[in-house]
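S.K.: Kindly return the folded structure for what I paste below:
(2 chains)
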Amino acid sequence: AQKVTQAQTEISVVEKEDVTLDCVYETRDTTYYLFWYKQPPSGELVFLIRRNSFDEQNEISGRYSWNFQKSTSSFNFTITASQVVDSAVYFCALSEGDNYGQNFVFGPGTRLSVLP
Amino acid sequence: NAGVMQNPRHLVRRRGQEARLRCSPMKGHSHVYWYRQLPEEGLKFMVYLQKENIIDESGMPKERFSAEFPKEGPSILRIQQVVRGDSAAYFCASSPSAGGNTIYFGEGSWLTVV
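M.R.: The predicted structure is shown next:
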């Protein structure tokens, strides 16, 4: 069975600090996809990144970076020089096999508060 | 998530009434998924539909909930005789095909049962 754990329920940082959000997953499949979504206070879900299980290369997009390590089943998300607009709930998600949308399993989310 | 349209964004219903939530997928997308987010929780899969077909409804409560995606028009999630426990955010997502693609979410519909 697939499972996603986000051990950090809430994190508070001061603006300009770096912050890492942890995600640990469980799956028996060799083919799977990992995602991060952002849910700002307005409520919508914003897609941030998708990674497949065969690509462990880390990715950087502006202030965002992701560290995928199969050896520890982790897919951590780092925000560099955080800003108030980064305040949101962040969800890590896992989809096994052929990435059918019904196979998405979401973690419980991490609420990030960036204080001015 | 641009392009998946959900309405209404907010809906208030009294216990026992019916709630209808609509979802228009992104242009070119023929696969629709409904998820529910209970307060302070992550999203849970409910149902997966293609045009005129329910592919997987394993996450749907057995009673009072139904979903459809007709040949023409939006997908509809229908909740009959709502109860307080149905209060949640309901998210629709769509994808252009079943495999290898990211799903994109709408902005959600917040149902409050009073």
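S.K.: Who are the packing partners of the worst-scoring helix or strand of chain A on mean pLDDT?
M.R.: None of the helices or strands of chain A scores lower by mean pLDDT, DSSP states H and E than strand A:59-61, at a mean of 85. Helices and strands touching strand A:59-61, by 3 or more CB pairs under 8 Å, 6 or more residues apart in numbering or on different chains; DSSP states H and E, are strand A:46-52, strand A:64-69. In this view, the C-beta of every residue, glycine as well, is placed from N, C-alpha and C.
S.K.: Look up the closest residue to the residue at minimal distance from the centre of chain B, ignoring the ones flanking it.
M.R.: Taking CA atoms, centre = their mean as the criterion, B:Trp34 is the residue nearest the geometric centre of chain B, at 3.6 Å. Among residues not flanking B:Trp34 along the chain, B:Met46 sits closest, at 4.4 Å (CB to CB, 6 or more residues apart in numbering or on different chains).
S.K.: Tell me, how many residues neighbour the one you found?
M.R.: The tally of other residues near B:Met46 (other CB atoms under 10 Å in any protein chain shown) stands at 22.
S.K.: does it count as helix, strand or coil?
M.R.: Reduced to three states with DSSP: H, G, I helix; E, B strand; the rest coil, the structure at B:Met46 is strand.
S.K.: Isn't it up against B:Tyr35?
M.R.: Yes. Between B:Met46 and B:Tyr35 there is a contact at 6.0 Å, judged by CB atoms under 8 Å.
S.K.: Look up how far A:Asp86 lies from A:Val114.
M.R.: A:Val114 sits 5 Å away from A:Asp86, going by CB to CB, to the nearest Å.
S.K.: returning to that earlier point: how about the residue nearest to B:Trp34, what does it touch?
M.R.: Residues near B:Met46 by CB atoms under 8 Å, 6 or more residues apart in numbering or on different chains: B:Tyr33, B:Trp34, B:Tyr35, B:Arg36, B:Glu57, B:Gly59, B:Met60, B:Phe65, B:Ala67, B:Leu77, B:Tyr90.
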